[in-house]
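[1] When you get a sec, could you give me coordinates for this:
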Amino acid sequence: MIGKSLVFVAAILTGTLAAAPAGAQNSKFDGTYLGAYLSYSSINAELTTSAGSLGDATLDGFGGGVLAGYGGTNGWLYISFEVEAGYDGAQWGESETVAGVGSASLDLQTKASLGVSGRIGAVVDQNYLVYGKIGYVRTNAEATGQLNLVGVGSTSATVDDWYDGFRFGGGVEGFIANNISVRAEYTYTIYDMPDLVPGLGIDADQHLLRLGASYYF
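    This is a model prediction of the structure:
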């Protein structure tokens, strides 16, 4: 459902850009751009049942990636569509040891991330852009658990899968040279996580801060 909604939003944005009069295309922000970014990610993952929460963990870490987009202006109004690929880098780990019994550990991490999004905002003084952002993201996450029992031995298991999320937020962007801009951006993502087993699920959300630079053609 989320993916279909974002495709519909992208179609509206594309149609709006196509309908903009050619004479209005006179901003530095018009056209195709390529960029790169560094990011800090904080993800809260909560284990839930119908009776309530069983506990949570906060994954955090640094990542980065690349993006490409196309945008246009109509007066002060700016609309763009962009795609991105990166590495998320959030991690969490915990272990417990009981004397005479053994130990257990669990490690969680997020890795590759792919996304599409639309931006809509206002151009200020020709060189600056204030915008809101809405998008869809798929993030790869891995969980590794290990159990060691005294006199029995050890066993481990790894779950590696992709998860869908709905992302929204905003940022500011400004030109530091004729074709080069920098941006600062914050987004919040709600992930759609399947139940581990019937009645046992995970709720996950993400706070993401990014600093990036783009080249406009």
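
[2] what about residue 137, which helix or strand?
    Following DSSP states H and E, one finds residue 137 within strand 128-149.

[3] Quick one: the strands in the protein, in order.
    31-49, 52-74, 77-87, 91-98, 102-124, 128-149, 153-175, 180-192, 200-216 (DSSP state E).

[4] relative to strand 52-74, how tilted is the shortest one?
    Right, strand 91-98. Relative orientation of strand 91-98 versus strand 52-74 (axes from the mean of the first three to the mean of the last three C-alpha atoms, to 10 degrees): 170 degrees.

[5] Kindly report the same for the last one.
    Here strand 200-216 runs at 20 degrees with respect to strand 52-74, directions being taken by the same axes, to 10 degrees.

[6] Give the buried residues for strand 200-216.
    201, 202, 204, 206, 207, 208, 209, 210, 212, 214, 216 (16 or more other C-beta atoms under 10 Å). C-beta coordinates here come from the backbone N, C-alpha and C atoms, glycine included.

[7] and which of the residues you listed is nearest to residue 100?
    residue 202 (32.3 Å; C-beta to C-beta).

[8] Return the set of residues that bridge with the closest one.
    Beta bridges link residue 202 to residue 47 when assigned by DSSP bridges.

[9] same check, this time on residue 42
    With DSSP bridges as the rule, residue 42 is bridged to residue 60, residue 207.
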